[in-house]
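In: Based on what follows, work out the 3D shape:
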Amino acid sequence: MAKIQAATDAAQTTAAKAAAAKAQASESLLGLGAGFDFDKLMAWAQTQGLKLLASLAILLIGLWIAKRLSQALERVMTRANMEVTLRGFLRNIAYAVMVVVVAVAALQQLGVPMTSVLAVLGAAGLAIGLALKDSLSNIASGVMLIVLRPFRAGDYVQAAGIEGTVEQIRVFQTRLRTVDNRVIVLPNSLITTAVIVNFTANPKRRIDLTVGVGYDDDLKVAKDTLLALAAAHPKVLKDPAPEVLVTALAESSVNLELRAWSKTGDLLHTKSDLVEGIRNELIGKGLNIPYPQRDLHVYHHDADGRPIGEVLTKAVADDGDVAKPAATPKK
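Out: Numbers count the residues shown, from 1 in each chain. Predicted coordinates:
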């Protein structure tokens with residue numbers, strides 16, 4: 001009996017030790033440890049909970065303030081008559097900067113070391129910048145186009161060799177519509193590295209028309225005709241006044257240049273009317289409009305040295321198309 005009792009006690013002791021070990025392992029998994037103190041746990045939870053609530057409050061309130069400030073900035077720019085594209089871009093940039101500041105403040109409230117965060121952000125920014133260098137180039141070019149404003153929406157421009165009306169200027173791309181109603185999307189980096197020609201930047205433009213008259217024509221009559229035609233056109237501006245200059249003594253004509261000003265929107269049709277009127281008026285006044293012409297003389301010698309003209313004449317005469325000289329009468 002004593003042995004059985006001893007074995008039973010040993011088994012109970014072993015089971016108790018196993019239960020204690022299991023409980024200790026569970027406590028270790030929960031992070032409590034052997035010296036678990038519930039009061040300390042509650043104090044830690046209260047402290048971290050307060051930090052979490054404060055961080056969340058900073059984030060929510062900061063985002064609300066950032067949104068309100070960005071909207072207020074847009075209203076100020078609207079009252080200042082700033083361009084729509086520039087307003088939207090500056091508003092988005094301001095909002096993004098304020099969001100970053102709010103996020104950093106929230107993380108700092110949680111106790112996250114800012115040095116490590118900034119180091120990680122710097123490394124990530126460098127990697128992203130190397131991977132997206134072309135896109136960043138387009139962004140930088142878009143900022144230049146929006147800030148410097150070489151053209152605006154609605155202008156007719158030539159950019160990167162493409163002509164069209166500007167429909168929209170974005171941070172990455174610029175959208176053009178051609179005169180035949182095609183839509184062309186140009187990367188901004190191509191635009192800023194090429195020549196930009198803005199045809200509608202100014203309210204009025206000059207029309208330059210070169211007209212050639214004959215050397216035997218009266219230049220005064222020709223100049224008066226061109227000036228009268230420009231002055232009679234309703235869309236030709238009086239100030240600056242039209243003028244006619246003699247520009248060149250060309251090979252087959254004396255070149256005159258008519259310079260007349262019109263509103264930018266009327267330029268195409270006004271130019272067409274003037275060209276048609278010049279043609280009709282000069283011909284009506286008996287003046288010549290010479291066109292380039294050349295007299296071409298071809299010389300070709302046969303194998304025996306005779307000119308090609310003699311060879312052709314002889315060939316025609318042999319066919320009976322040319323009368324043969326009369327035979328000399330015999331004496």
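In: okay, CA-based contacts and neighbour counts for the rest of this
Out: Noted.
In: Neighbours of residue 290, how many?
Out: 15 (other C-alpha atoms under 10 Å).
In: Helix, strand, or coil at it?
Out: Classification of residue 290 using DSSP: H, G, I helix; E, B strand; the rest coil returns coil.
In: residues in contact with it?
Out: By C-alpha atoms under 8 Å, 6 or more residues apart in numbering, the residues touching residue 290 are 212-214, 252-253.
In: Those in strands, which ones?
Out: 212-213 (DSSP state E).
In: which one of the contacts of residue 290 sits closest to residue 275?
Out: residue 212 (12.3 Å; C-alpha to C-alpha).
In: Would you enumerate the residues in contact with the closest one?
Out: Going by C-alpha under 8 Å, 6+ apart, residue 212 touches 253-256, 289-290.
In: could those residues be laid out in a markdown table, adding pLDDT?
Out: Output for the contacts of residue 212, formatted as a markdown table (pLDDT from 0 to 100):
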| residue | pLDDT |
| --- | --- |
| 253 | 90 |
| 254 | 93 |
| 255 | 94 |
| 256 | 95 |
| 289 | 86 |
| 290 | 86 |
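In: Could you point out which of those is nearest to residue 175?
Out: Closest to residue 175, out of all of these and judged by C-alpha to C-alpha, is residue 256, at 40.0 Å.
In: wait, doesn't the closest one sit right on residue 250?
Out: No - counting by C-alpha atoms under 8 Å, residue 256 stays clear of residue 250, with 10.4 Å between them.
In: Enumerate every residue touching the nearest residue to residue 293 once chain neighbours are set aside.
Out: Nearest non-adjacent residue to residue 293, counting by C-alpha to C-alpha, 6 or more residues apart in numbering: residue 252, 7.9 Å away. Residue 252 is in contact with 214-215, 290-293, counting by C-alpha under 8 Å, 6+ apart.
In: phi, psi of residue 252?
Out: Main-chain torsions, residue 252, degrees, to the nearest 10: phi -120, psi 10.
In: Might one say that residue 229 is in contact with residue 278?
Out: Yes - if you go by C-alpha under 8 Å, residue 229 and residue 278 touch, sitting 7.3 Å apart.
In: Comparing these two, which residue is more hemmed in?
Out: Using other C-alpha under 10 Å as the criterion, residue 229 and residue 278 rank with residue 278 on top: 20 against 17.
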